[in-house]
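Novice: Provided below are the primary sequence and the corresponding predicted coordinates.
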Protein chains: 2
Amino acid sequence: MTKVFVNIGLSLDGYMAPEGMTLENWEKPEYKNWAAKWGALMGWILNQQYFRENLKLGPGGETGPVNDMLRSTTERIGANIMGKRMFDAGERAWPEEAPFHTPVYVLTHENREPWVRPGRTTFYFVNDGPESALEQARESADRRDIRIAGGATAIQQYLNLGVIDELEIALAPVLFGGGRRLFENLREPAPRFRIDKVLDSPVATHLRYVRD
Amino acid sequence: MTKVFVNIGLSLDGYMAPEGMTLENWEKPEYKNWAAKWGALMGWILNQQYFRENLKLGPGGETGPVNDMLRSTTERIGANIMGKRMFDAGERAWPEEAPFHTPVYVLTHENREPWVRPGRTTFYFVNDGPESALEQARESADRRDIRIAGGATAIQQYLNLGVIDELEIALAPVLFGGGRRLFENLREPAPRFRIDKVLDSPVATHLRYVRD
């Protein structure tokens, strides 16, 4: 059965993105030191063989349990959902072959025709809310799983809808001190999770929770 | 050499204590459901043999790596430091033999004589700031380590002083949705840590970071 899951990097102090990492500062990586912080958050992934292969960064890279996890996570995704802010940043940052290779449903108020990219990524712009986006994602996922890709606001919306089955967090040992918090604006009662699996690595702790 | 360390329980969404867990609501455990949340946070410790022994809760309890960790953490403490709010709550909640068995330095504006408890716990009330409390703790710790016991504000003060050598977090799979956040009010540049050790258990993930 299709699972709805989150798989993200998180700073030790609970941020998905550092302060200053906004569209206006995209070309100013030194602004509030955002690029260095982002690098510390995502450092664990950059040298994984599967990540390098997927982004066409060239051969080589680490293989092992983290790489295996990365591969199986990516391969189980039948559709992605993301917020407008993440899309806007990505539109500037992704290579032409955007790294999704699935339908991607973007939560937005903007009316826009589907945007087809090489490599099987098509962005669909959904104007009628997160539940509708989830329904459309289910239809296109072909029994594979649906990833709520981010950002924080989109994940919060789906946590509050109670539809997140699995929460996968790569917890990096960096303190941002500010930015976009993952866990905010949660409604009571909050969803309940239990620990499913912990994969320890020297540069990040991979925590997997499933709905209780 | 004496290390300064933090060892606390943390909810998955980054809170040390749930909303509503204040002195005024101490006798109203159902207020905002605080007691159930606190129980979910601390559940991992309650059945550990060493914890039961230390609080005189009776024989029995779990033994194993988590219990060993609990014992070695407790035994290495030569002095504790805590904030006024934690002390005030504890004054009502601790048994007569308060569970510290060391000097405890309380950061407060209140003038008060040292308060001697049975079982080698003496509370000293420090009025001249966190650095002074740390100095006094060092003098009394007899080369053992100093634990910043909490709450959140006290830990933030010592993080901002850059004196925390080790950060030990028992991350429980519960979402509080509100309360006292551990990581807030951090100054730039934030202190840097690296992962030292992860101890996985079914009910909490024990993360240990050391200063980088």
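Specialist: Cool, the structure landed.

Novice: drop to CA atoms for contacts and neighbour counts, all remaining ones
Specialist: OK.

Novice: quick check: closest non-adjacent residue to residue A:118.
Specialist: residue A:97 (5.2 Å; Cα to Cα, 6 or more residues apart in numbering or on different chains).

Novice: my read: that neighbour touches residue A:119, true?
Specialist: Yes. Contact criterion Cα atoms under 8 Å: residue A:97 and residue A:119 qualify, at 5.7 Å.

Novice: first to last residue in stretch A:189-196, what's the distance?
Specialist: 21 Å (Cα to Cα, to the nearest Å).

Novice: show me what residue A:207 bridges to in the sheet.
Specialist: Listed beta-bridge partners, residue A:207: residue A:169, residue A:198 (assigned using DSSP bridges).

Novice: spell out which parts of chain A neighbour chain B.
Specialist: Selection of chain A residues close to chain B by Cα under 8 Å from any Cα of the partner chain yields A:13-14, A:173-177, A:183-188, A:190-196, A:198, A:200, A:202-205, A:209.

Novice: what's the PyMOL line that selects buried ones from those?
Specialist: Buried residues among these (16 or more other Cα atoms under 10 Å in any protein chain shown), as a PyMOL selection:
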select buried, chain A and resi 13+14+173+174+175+176+177+183+186+187+191+192+193+194+195+196+198+200+203+204+205+209
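
Novice: ok, residue A:97 and residue A:119, which is more surrounded?
Specialist: Per other Cα atoms under 10 Å in any protein chain shown, whichever of residue A:97 and residue A:119 has more neighbours is residue A:97, with 16 against 13.

Novice: let me see the contact set for that one.
Specialist: Applying Cα atoms under 8 Å, 6 or more residues apart in numbering or on different chains to residue A:97 gives the contacts A:117, A:118, A:119, A:121.

Novice: most neighbours of all those residues, which one?
Specialist: In the contacts of residue A:97, the most neighbours by other Cα under 10 Å go to residue A:121, 19 neighbours.

Novice: setting aside sequence neighbours, what's the nearest residue to that residue?
Specialist: Using Cα to Cα, 6+ apart, the closest residue to residue A:121 is residue A:101 (4.4 Å).

Novice: do I have it right that that neighbour meets residue A:141?
Specialist: No. Here residue A:101 lies out of contact with residue A:141, judged by Cα under 8 Å, at a distance of 11.7 Å.

Novice: helix or strand for residue A:80, which one?
Specialist: Assigned by DSSP states H and E, residue A:80 belongs to strand A:77-83.

Novice: check residue A:69 too.
Specialist: helix A:65-75.

Novice: buried residues, that helix. List them.
Specialist: Those buried within helix A:65-75 under the rule 16+ other Cα under 10 Å are A:66, A:67, A:70, A:71, A:74.

Novice: alpha carbons only: can I get that helix in CSV?
Specialist: The C-alpha coordinates for helix A:65-75 follow below in CSV (Å, rounded to 0.1, in the frame of the first residue of the first chain):
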residue,chain,number,x,y,z
PRO,A,65,24.4,1.3,4.4
VAL,A,66,23.8,5.0,4.0
ASN,A,67,24.1,4.8,0.2
ASP,A,68,21.8,1.7,0.2
MET,A,69,19.3,3.7,2.3
LEU,A,70,19.5,6.6,-0.1
ARG,A,71,18.9,4.3,-3.1
SER,A,72,15.9,2.5,-1.6
THR,A,73,14.4,5.7,-0.4
THR,A,74,14.6,7.2,-3.9
GLU,A,75,13.5,4.1,-5.7
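
Novice: which outside residues touch it?
Specialist: A:48, A:49, A:50, A:51, A:199, A:201.

Novice: export those residues to CSV and tack on pLDDT?
Specialist: Listed next are those as CSV, based on pLDDT from 0 to 100:
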residue, pLDDT
A:48, 96
A:49, 96
A:50, 95
A:51, 92
A:199, 98
A:201, 96
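
Novice: turn those residues into TSV, including secondary structure, distance to residue A:162 and neighbour count.
Specialist: Below are the contacts of helix A:65-75 laid out as TSV (DSSP: H, G, I helix; E, B strand; the rest coil; distance: Cα to Cα, whole Å; neighbours: other Cα atoms under 10 Å in any protein chain shown):
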residue	secondary structure	distance to residue A:162	neighbour count
A:48	strand	32	20
A:49	helix	34	22
A:50	helix	31	24
A:51	helix	30	20
A:199	strand	25	15
A:201	coil	30	16
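
Novice: of these, closest to residue B:108?
Specialist: Nearest to residue B:108 among the contacts of helix A:65-75 is residue A:201, at 40.4 Å by Cα to Cα.

Novice: how close does the residue lying closest to that closest one once chain neighbours are set aside get to residue A:72?
Specialist: Closest residue to residue A:201 apart from its sequence neighbours, by Cα to Cα, 6+ apart: residue A:66 at 7.8 Å. Between residue A:66 and residue A:72 the computed distance is 10 Å (Cα to Cα).

Novice: quick check: phi and psi on residue A:27?
Specialist: phi -90, psi 10 (degrees, to the nearest 10).

Novice: circling back: so the residue nearest to residue A:121: helix, strand or coil?
Specialist: coil (DSSP: H, G, I helix; E, B strand; the rest coil).

Novice: now do the contacts for the closest residue to residue A:192 other than its chain neighbours.
Specialist: Nearest non-adjacent residue to residue A:192, counting by Cα to Cα, 6+ apart: residue A:212, 5.4 Å away. With contact taken as Cα under 8 Å, 6+ apart, residue A:212 is in contact with A:192, A:193, A:194.

Novice: what ranges do the helices span in chain A?
Specialist: Counting by DSSP state H, chain A has helices at residues A:34-46, A:49-54, A:65-75, A:84-93, A:130-141, A:152-161.
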